[in-house]
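Visitor: What shape does this take:
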Amino acid sequence: MTNQDLFHYRPFSVCDSHFHLSAPQTVDDSVKIFSAIMEYFNYDRAALMCYLQDVKENFYADNVKSLFIKDVMNKADPDRKVYACGAFLHYMDKRDTAESYLNQIKRMYALGFDGIKCLEGKPAVRKMIGRRLDDPVFDQAFAFAEEKGMPVTYHVGDPPSFWNIHQITEAEIRRGWFCDETFPTLAQLREEAEGILRKFPKLPVVLAHFYFLAHDPEACVKLMETYPNVMLDLTPGGVMFAEFSKRPEDWRLFFRKYAHRIFYGTDTYNTYLCEKPEDYGKTYTQHRINLVRRALEYSEPFDDPDYGTITPLHLEDDLLTKIYRENFIRLYGDPRDVSDNESADYAAELLSLYESGLLTNGDDRRDALDKENLRRIYSYFLSSDMVTN
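Guide: Purely as a prediction, here's the structure:
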């Protein structure tokens, strides 16, 4: 029994625009996990969103890991298509130049990435980097992405509660998400992000998590009308759907007008949901996925354990088809081919940096796992390249 059978969703094949792979797994296990998830949740396409540096952790091998997962899964099952969106590396010193970022994105394109994922707009990451999101140092890289039509999925901001010590939870504070006066404000982050949109009006930009504007449909309308290249994804925080519930009629009108620019996404990670896929209904990951689908499809209010009573949008089939599938395919097309030779070189380069101690995640176990993964990836792409040639 699949998730669709269990919860009686409408019978759509779904494209998930927002997977992550930063959980500590071998790349072979990640392939098994994502394959099981796509089967159980009736996904026929999914995009891996990389990030190399987060608030308290680094994931330096994730770009090349995503290329391995994409290549293996696409060759194993041509009916399901996996995409990879790479991330920039920031050195936080004089090496961070316009030429460096341009070279990085050119390399991503040569490797076979389908798009770019930017976590730089998350407040703590933006603070760590110490540059405006629209700093001219990024202009050449974004101009290249615009020229090539590479979609950019950008995380900008966080829930407004993260700037309020009386509203943020203790768990969120422990994760480093509280924004005191040393952090950029939410308004500043949006102003910087919209600086990018003004500079590059043909750059396809998906603003993750609905740009944290689910409390303000009027601001969302203004955003969509001002920047025709902007799209939004529905990846939880689930508070988004609680906010939609406060003004469901206004949001239904918004979805009807802009359904062609809204993407289904879930922030699903490469974690074992449980030992047997048929037991996935007992897990938090399925709760998050089902929150999105229930909020879009159901007709009657339902209770959510984290966000209270949700009034669903009960969208029409033609809108759901766009959100679940058509928008994704129109934006990405088919996955780009992964370059075996370039990917083998990339894995070898990273492995050398890890083994010399010049690159570390700050965690010995994570470093050891990355080295194991990089050896596996190097061997795989080297063998693939030999077969190809």
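Visitor: where does Lys148 sit relative to Ala368, distance-wise?
Guide: 36 Å (CB to CB, to the nearest Å). C-beta: built from backbone N, CA, C; applies to glycine.
Visitor: ditto for Ile262
Guide: Applying CB to CB to Ile262 and Ala368 gives a distance of 41 Å.
Visitor: Looking at those two now, which is surrounded by more residues?
Guide: Ile262 (22 against 12; other CB atoms under 10 Å).
Visitor: what are the phi and psi angles of the more buried one?
Guide: Main-chain torsions, Ile262, degrees, to the nearest 10: phi -120, psi 140.
Visitor: any idea how far Ser35 is from it?
Guide: Look at Ile262 and Ser35: by CB to CB, they are 27 Å apart.
Visitor: now the helices for the stretch 101-250 of the chain?
Guide: 123-129, 139-148, 170-174, 186-199, 217-226, 239-246, 248-258 (DSSP state H, counting those that start in this stretch).
Visitor: Kindly export the shortest one (C-alpha atoms) in PDB.
Guide: Think helix 170-174. C-alpha atoms of helix 170-174 as PDB (Å, rounded to 0.1, in the frame of the first residue of the first chain):
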ATOM      1  CA  GLU A 170      13.800  26.500  22.900                       C
ATOM      2  CA  ALA A 171      14.600  23.900  20.300                       C
ATOM      3  CA  GLU A 172      14.900  26.500  17.600                       C
ATOM      4  CA  ILE A 173      17.300  28.500  19.800                       C
ATOM      5  CA  ARG A 174      19.500  25.500  20.400                       C
END
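Visitor: And the contacts of that helix?
Guide: 162, 178 (CB atoms under 8 Å, 6 or more residues apart in numbering).
Visitor: If we go by neighbour counts, what in the lowest-mean-pLDDT helix or strand in the chain is buried?
Guide: Across the helices and strands of the chain, mean confidence by mean pLDDT, DSSP states H and E is lowest for helix 3-7: a mean of 82. For helix 3-7, the neighbour count (16 or more other CB atoms under 10 Å) marks 3-4 as buried.
Visitor: circling back: of all the helices of the stretch 101-250 of the chain, which one comes closest to Tyr40?
Guide: Tyr40 lies closest to helix 239-246 among those, at 21.9 Å (CB to CB).
Visitor: So which elements touch that closest one?
Guide: helix 284-297, strand 308-310 (3 or more CB pairs under 8 Å, 6 or more residues apart in numbering; DSSP states H and E).
Visitor: CSV please, covering those and showing distance to Arg376, mean neighbour count and mean pLDDT.
Guide: Listed next are the helices and strands packed on helix 239-246 as CSV, based on distance: least, CB to CB, whole Å; neighbours: other CB atoms under 10 Å; pLDDT from 0 to 100:
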stretch, distance to Arg376, mean neighbour count, mean pLDDT
helix 284-297, 25, 20, 85
strand 308-310, 42, 13, 93
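Visitor: Out of those, which gets nearest to Leu111?
Guide: helix 284-297 (28.6 Å).
Visitor: for the following helix or strand past that closest one, what is the average pLDDT?
Guide: Sequence-wise, the next helix or strand downstream of helix 284-297 (DSSP states H and E) is strand 302-304. Confidence for strand 302-304, expressed as mean pLDDT, is 90.
Visitor: Can you list the strands that strand 302-304 pairs with?
Guide: Sheet partners assigned to strand 302-304 using DSSP bridges are listed as strand 308-310 (antiparallel).
Visitor: for the partner strand, the distance to its chain's centre please.
Guide: Put simply, strand 308-310 sits 26 Å off its chain's centre (CA atoms, centre = their mean, to the nearest Å).
Visitor: Check stretch 212-230 too.
Guide: Relative to where its chain is centred, stretch 212-230 has its mean C-alpha point 20 Å off (CA atoms, centre = their mean).
Visitor: and Leu350, what does it touch?
Guide: Taking CB under 8 Å, 6+ apart as the test, what Leu350 contacts is 60-61, 64, 359, 370, 374.
Visitor: thinking again about what came up before, nearest to Asp158, of the helices of the stretch 101-250 of the chain?
Guide: Comparing these by CB to CB, helix 123-129 comes nearest, at 5.8 Å.
Visitor: Buried ones in that closest one, by neighbour count?
Guide: Neighbour-count burial for helix 123-129 [16+ other CB under 10 Å]: 123-126, 129.
Visitor: cool, stretch 23-39 as well?
Guide: Per 16+ other CB under 10 Å, stretch 23-39 contains these buried residues: 25, 27, 30-31, 33-35, 37-38.
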